[in-house]
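Peer 1: Sequence below, structure please.
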Amino acid sequence: MRTNARTAQLALILLPILAALGITALLILAIGRDPLELASNVWEGAFRNSRSRAGVVNFWIPLTLCGLGLAVTFTAGLWNIGIEGQMTMGAIFASGAALFIDLPAPLLIPLEIGLAMLGGMLWAAAVGMLKTRLGVNEIFGGVAFNALANVLTIYLISGPWQPAIGGSAQGTDPFPPNALLPGLSAAFPVNLLALLIVGVAVIGLLLALRGTRWGLQLKATGKNARSALLLGVPTERTALSAMLVCGALAGIAGSYRVLFTFENLRPLSSGGIGFLALLVALLVGYRVLWTPLVAFIVAALFVGSTRLQLSMQLDQSIAGVVQGVVVLLVVFANGLRERLSQWRPVPAAVNLPEAPSNLAPQNDPIKESQP
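Peer 2: Prediction:
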């Protein structure tokens, strides 16, 4: 029975991807091109040599970190749309350390990553506090803080952190070598520390969500915050902790972009990875173990599509078409999953009595809970 359930879950993850690829193939046929040629070019763009494969991995690292963070907030029932801003703040905090702190690399790099985590956590905490204290929906708060983070980046680049050549909105001066994350080799430029952080995050979150009291509180809050509050779960504190964990991981992802990918701070350094991570989180149904695999598929598709404009005279935005179709199909698949779960008979022995009406909270249960 459990095997059948896992098979059904896997099918609901893979079917939207396969259906989106099928719809994209029909679109390619409609403009007179060969879908197999497109797939071949995407594959070659992502895996034709070691540097291309390194590009996929370097995109996969921050995408996976953000996807893991979103798995936590979605488990708690929070749509952390502000993850882009949390990435940006992590990049800003790491860049500040890189530009103004002169330490040996073994000391400076951990400091940069720690400050990046702090920056992401502060930005996530602001959105979380608006949600829990003032009742501002996290979607609206996240979008607003995304914009503020981008404005702050442009201000720093064109003002206090402007390059030595003068005011510019293109980026800061390149960071000194001791502030940069080193690559494994010139042929395969990927940072080993970042890979270790991803591995630790996957294992740590998998154990935390499955085997700790905090993980149970997250799931209870996400399933039904009112019932969780009545049963004694501190829903406000749980929601804030989920935002902080996501913010910390997003901050690390932002630091990787500026300390390794770009080697300086520039506008929109997140590169839309936070929004792509939302797609990954939807695809895997907030499952930590599936996040790295699906994130790798999305990263390969995104990086490989850069070859289409040169080889087939097709715009790279075709990858965006695939992603948009996937989102629609994933939403449909998630709705189907919910319908199927509702049709399953529930044993009478596990039915719980309804809470007295005079105990039911009237407002947002996350907002009313006290830490």
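
Peer 1: all contacts plus neighbour counts: C-alpha atoms, from now on.
Peer 2: Noted.

Peer 1: Quick one: the strands in this protein, in order.
Peer 2: Shown for the chain, no strands are assigned by DSSP state E.

Peer 1: pLDDT below threshold where in it?
Peer 2: Scanning the chain for pLDDT under 70 picks out 1-6, 8-13, 166-169, 308-320, 322-323, 334, 337-338, 340-371.

Peer 1: centroid residue for it?
Peer 2: Nearest residue to the geometric centre of the chain (Cα atoms, centre = their mean): residue 66, 2.5 Å.

Peer 1: Tell me, how many residues neighbour the closest residue to that one other than its chain neighbours?
Peer 2: In space, and not counting its chain neighbours, residue 66 is closest to residue 250: 5.2 Å by Cα to Cα, 6 or more residues apart in numbering. The tally of other residues near residue 250 (other Cα atoms under 10 Å) stands at 40.

Peer 1: Now do the contacts for residue 250.
Peer 2: Residues near residue 250 by Cα atoms under 8 Å, 6 or more residues apart in numbering: 62, 65-66, 69, 83-84, 86-87, 90, 117, 120, 274.

Peer 1: Check the gap between the residue nearest to the centre of the chain and residue 82 for me.
Peer 2: Residue 66 sits 11 Å away from residue 82, going by Cα to Cα, to the nearest Å.

Peer 1: got it, and residue 186?
Peer 2: To residue 82, residue 186 is 35 Å away according to Cα to Cα.

Peer 1: Neighbour count: these two, which is higher?
Peer 2: residue 82 (27 against 9).

Peer 1: Spit out the contact partners of that one.
Peer 2: Applying Cα under 8 Å, 6+ apart, we find residue 82 in contact with 124, 127, 138-139, 141-146.

Peer 1: just residue 256 next, same as before
Peer 2: Residue 256 neighbours (Cα under 8 Å, 6+ apart): 62, 91, 181, 194.

Peer 1: now swap in residue 116 and tell me
Peer 2: Contacts for residue 116 were tallied using Cα under 8 Å, 6+ apart; they are 89-94, 248, 251-252, 254-255.

Peer 1: If we use 7 Å, what do you get?
Peer 2: Neighbour list for residue 116: 90-91, 93-94, 251-252, 255 [criterion: Cα atoms under 7 Å, 6 or more residues apart in numbering].

Peer 1: since we're on residue 304, how many residues are nearby?
Peer 2: Neighbourhood size, residue 304 [other Cα under 10 Å]: 26.

Peer 1: ok, it to residue 70 distance?
Peer 2: 25 Å.

Peer 1: again with residue 185
Peer 2: 31 Å.

Peer 1: Mind checking which of the two has more residues around it?
Peer 2: The residue with more neighbours, out of residue 185 and residue 70, is residue 70; 33 against 9, by other Cα under 10 Å.

Peer 1: what sits against that one?
Peer 2: Residue 70 sits next to 80, 246, 281 when contact means Cα under 7 Å, 6+ apart.

Peer 1: For the nearest residue to the second one once chain neighbours are set aside, grab the count of nearby residues.
Peer 2: What it means is residue 246. Leaving out its chain neighbours, the residue that sits closest to residue 246 by Cα to Cα, 6+ apart is residue 69, at 3.9 Å. Here the count is done by other Cα under 10 Å, and residue 69 has 28 residues near it.

Peer 1: looking at it, residue 69 is touching residue 244, isn't it?
Peer 2: No: taking contacts as Cα atoms under 7 Å, residue 69 lies outside contact range of residue 244: 9.1 Å.

Peer 1: follow-up on the earlier one: I figured the residue nearest to the centre of the chain hits residue 274, correct?
Peer 2: Yes: contact criterion Cα under 7 Å: residue 66 and residue 274 qualify, at 6.2 Å.

Peer 1: pretty sure residue 50 is in contact with residue 187, am I right?
Peer 2: Yes: Residue 50 lies in contact with residue 187 (Cα under 7 Å); the separation is 6.2 Å.

Peer 1: Residues in contact with stretch 37-51: which ones?
Peer 2: Residues outside stretch 37-51 that contact it (Cα under 7 Å, 6+ apart) are 52-53, 56, 187-188, 300-301, 303-308.

Peer 1: Buried subset of those residues as a ChimeraX selection?
Peer 2: Filtering the contacts of stretch 37-51 down to the buried ones (16 or more other Cα atoms under 10 Å) takes a single ChimeraX command:
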select :52,53,56,188,300,301,303,304,305,306,307,308
